[in-house]
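Okay, here's the prediction I keep looking at, along with the sequence it came from:
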There are 2 protein chains.
Amino acid sequence: MNNARFSGVTLNDVARLVGVHPSTVSRALDPARSGLVKEETRRRVVEAAQRLGYRPDMIARSLQSGRTATVGVVVADLGNMFVTPIIHGIASALEVAGIMPVIAETQDDHVRFSAILDHLLSRRVDAIVTAAAREADQAILESAARIVPVVVTGRPLPGSSLPQVIHDDRKGGEMVARHFAELGHRRVCQLRGPLDVGNFAQRSEGFSRVCRELGLEEVVLDVTGDRPVIEEGERLMRALLDQVGGPDGLPTALFAQNDLMAAGALEVLNELGVAVPEHVSLVGYNDLPMVDLIDPPLTTVRYPSLEVGKAAGDLVVKLLEGERAENVCLEPVLVSRKSTAPPRSTQ
Amino acid sequence: MNNARFSGVTLNDVARLVGVHPSTVSRALDPARSGLVKEETRRRVVEAAQRLGYRPDMIARSLQSGRTATVGVVVADLGNMFVTPIIHGIASALEVAGIMPVIAETQDDHVRFSAILDHLLSRRVDAIVTAAAREADQAILESAARIVPVVVTGRPLPGSSLPQVIHDDRKGGEMVARHFAELGHRRVCQLRGPLDVGNFAQRSEGFSRVCRELGLEEVVLDVTGDRPVIEEGERLMRALLDQVGGPDGLPTALFAQNDLMAAGALEVLNELGVAVPEHVSLVGYNDLPMVDLIDPPLTTVRYPSLEVGKAAGDLVVKLLEGERAENVCLEPVLVSRKSTAPPRSTQ
DNA sequence: CTGTTAGCGCTTTCAA
DNA sequence: TTGAAAGCGCTAACAG
């Protein structure tokens, strides 16, 4: 009477047609239990179901079983090309288990994040994967984790004991600093992303540590990017130029903490006619598609997003099957292209 | 006894604590019906709910109401940078209505597509948005549409009467041909994507029609791309070089039907030392982020994916609210950059 | 091998 | 203003 269930064929309808009890139909149609049913009945049931166009109602099944075969996937910003492959990886790992991702976007807002977690739990997702965690979100994530498994991926959450599938950002930062040192650079600088996002904090740390170790002078730009996007790269680049008094005061090598910010920085440099890599070397992070085609082809650190996503998805599936969680940390790879070269003084 | 409902606070628990009947709690907590409840009871209920950490079970609610507040979003390939903004747009439009997208990937496989539709209907999504439609999928989509609203977006489905939110690919193709003609090109060629995907078929049509109209010679490459990706662009470019007997036989202008294929073509051309745009002009389609940074900055047609997605999401919401569907068709814009120039003969 | 019964958590009549 | 009862579609436990 209330809602119009359009395709409204239920177990009862099938049962009536075949002349058996609904639970017999339920058994006959469930591969795991169809053995309990006489072969002939099973056949008749299957046939009737087919004929009526019966489609199981997973909502009803979920209510009964407590499982929805859905996993909440929380990302900060779907527009960020870095998260797409993560989602892709998660989705493909979930798919083999018959699980579908339900997606939500925090927009990097803590309050929204909290509302999203609540909403997802309300929907009774079987687990949550988040690639949106910032430092401040740790508590709400851990509290959600008391209800369903929560897997942290993409952005590390250093202090937390939640299962994590990430990438060694610290080592990535170190590699960049070493790369600069090997090319002969002595005065370098980072264009940093928001430091309450684990990736950027760790890249910073790794980079700075190696600078100290190898005696490189790190010019510290006191502003950091609010969001890891092209525009922020431009803004930081301009800020740096201000701080050092123009192109000639620039360090000889710049580490933009992601490719988008590197692209922004590059635009500003192009605009001012500052040659890359002749005047300054520039390195990005992530190895987004097509950064090998920009001019100059960007030296960057490859972030294996797809693999990270897949591993996160696999981990969730395991967790749901009751197996133990084992954190995963994938290795960065420095991809050396044409945007880095020896410093201008030695040329 | 069966499943462990971890956060297991139900309406009953709240009711018991307050000392009222569950249906009273239900009413008190539903803003739409809380007027039916004495203010004081309402307050006590809300307080108790809060204290117990009550969270409504949307699954149970869905079973009862027939609505899940989810929409199935079907895409061909999450790895394709072109679909991401569409999903983004859809998600943000759905969000204001409290609806969450459930995502599935066809991998451009008709059988998978069919299985996905079935699965989504099983989950009782309130509607389906597809950005994955190929010609062959029309029938199954229309049959799904007899059960829930189905909106076609991203990839047009020309023959269908389903509501569509798309972009004028035909006009986009025409614009490219005109652009070539205006620059003085007389001999041109398309690197085409799969023609059973509406976008590519229509771009082809538009382009060829204008060529005929303006008397341009269109070299027809008989192979088309299987998928709109970089590698296929490379393959088609090589095939074309074969067909015309090397770089010197090349038309003076090439229309790769998307940016990724353009990037692939460009790689082959670079490899052979064929200068763009001096020897051949090259145009892509979509205006992906960063194509303005490649060398040379790519002339392309802007596809407003985000807006398309948003419009599709808005349309779904309207449909679910019982309003009428109005198709949407957004306009292409030619973005002229450095990869196109007058033909080599006239320089 | 199959039917019966109960119930997942909620909303929705209908009464009181 | 609140309570009682029924039921959304399915599965699980227990009989038979």
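Perfect, thanks for sending it.

Can you name the residue of the stretch 151-300 of chain A that approaches DNA strand C most closely?
residue A:151 (24.4 Å; CB to the nearest atom of the strand). Bear in mind the C-beta positions are built from the backbone N, C-alpha and C, glycine included.

What strands line up against the helix or strand harbouring that residue, and which way round?
Assessed by DSSP states H and E, residue A:151 sits inside strand A:150-153. Counting by DSSP bridges, the strands paired with strand A:150-153 are strand A:127-130 (parallel), strand A:164-167 (parallel).

Out of those strands, the one nearest residue B:125 is which?
Between residue B:125 and these, the shortest separation by CB to CB is 19.8 Å, and it involves strand A:127-130.

Quick check: mean pLDDT of the helix or strand that the closest one is followed by?
Later in the chain than strand A:127-130, the nearest helix or strand by DSSP H and E is helix A:138-144. Averaged over helix A:138-144, pLDDT sits at 97.

buried set for helix A:138-144?
Under the neighbour-count criterion of 16 or more other CB atoms under 10 Å in any protein chain shown, helix A:138-144 has A:138, A:140-141, A:144 buried.

Check which helices and strands that helix sits against.
Under the contact criterion of 3 or more CB pairs under 8 Å, 6 or more residues apart in numbering or on different chains; DSSP states H and E, helix A:138-144 touches helix A:110-122, strand A:150-153.

Go again with 7 Å.
If you count contacts as 3 or more CB pairs under 7 Å, 6 or more residues apart in numbering or on different chains; DSSP states H and E, helix A:138-144 packs onto helix A:110-122.

Outside of the helix it packs on itself, which residues are in contact with it?
A:72, A:74, A:102, A:104, A:106, A:128, A:132, A:136-137, A:140, A:144, A:147-148, B:7, B:55-56, B:58 (CB atoms under 7 Å, 6 or more residues apart in numbering or on different chains).

which helices and strands does the strand or helix carrying residue A:178 pack with?
Using DSSP H and E, residue A:178 falls within helix A:169-183. When contacts are defined as 3+ CB pairs under 7 Å, 6+ apart, helix A:169-183 packs onto helix A:198-214, strand A:281-283, strand A:300-302.

Tabulate these (TSV), appending mean neighbour count.
Below are the helices and strands packed on helix A:169-183 laid out as TSV (neighbours: other CB atoms under 10 Å in any protein chain shown):
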stretch	mean neighbour count
helix A:198-214	21
strand A:281-283	27
strand A:300-302	24
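
now those as JSON lines including mean pLDDT and distance to DNA strand D?
Shown next, in JSON lines, are the helices and strands packed on helix A:169-183 (pLDDT from 0 to 100; distance: least, CB to the nearest atom of the strand, whole Å):
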{"stretch": "helix A:198-214", "mean pLDDT": "98", "distance to DNA strand D": "40"}
{"stretch": "strand A:281-283", "mean pLDDT": "98", "distance to DNA strand D": "54"}
{"stretch": "strand A:300-302", "mean pLDDT": "98", "distance to DNA strand D": "44"}
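
hmm, back to that, other residues contacting the helix holding residue A:178?
Residues outside helix A:169-183 that contact it (CB under 7 Å, 6+ apart): A:156, A:188, A:199, A:202-207, A:209-211, A:214, A:216, A:253, A:255, A:281, A:283, A:285, A:301, A:332, A:334, A:336, A:340-342.

Mean confidence (pLDDT) on the helix or strand just after that helix, please.
Following helix A:169-183 in sequence order, the next helix or strand is strand A:187-191 (DSSP H and E). Per-region confidence: strand A:187-191 scores 98 on mean pLDDT.

burial count for the residue of the stretch 101-250 of chain A found nearest DNA strand D?
Across the stretch 101-250 of chain A, the shortest distance to DNA strand D (CB to the nearest atom of the strand) belongs to residue A:124, at 13.1 Å. Neighbour count for residue A:124, taken as other CB atoms under 10 Å in any protein chain shown: 22.

and it, what does it touch?
Counting by CB under 7 Å, 6+ apart, residue A:124 makes contact with A:62, A:68, B:57, B:59.

Against residue A:186, how distant is the first one?
Just to be clear, that refers to residue A:62. 62 Å (CB to CB, to the nearest Å).

Do I have it right that residue A:304 meets residue A:330?
Yes: if you go by CB atoms under 7 Å, residue A:304 and residue A:330 touch, sitting 5.1 Å apart.

Pick out whichever of the two has more residues nearby.
With neighbours defined as other CB under 10 Å, residue A:304 and residue A:330 compare such that residue A:304 has more, 19 against 16.
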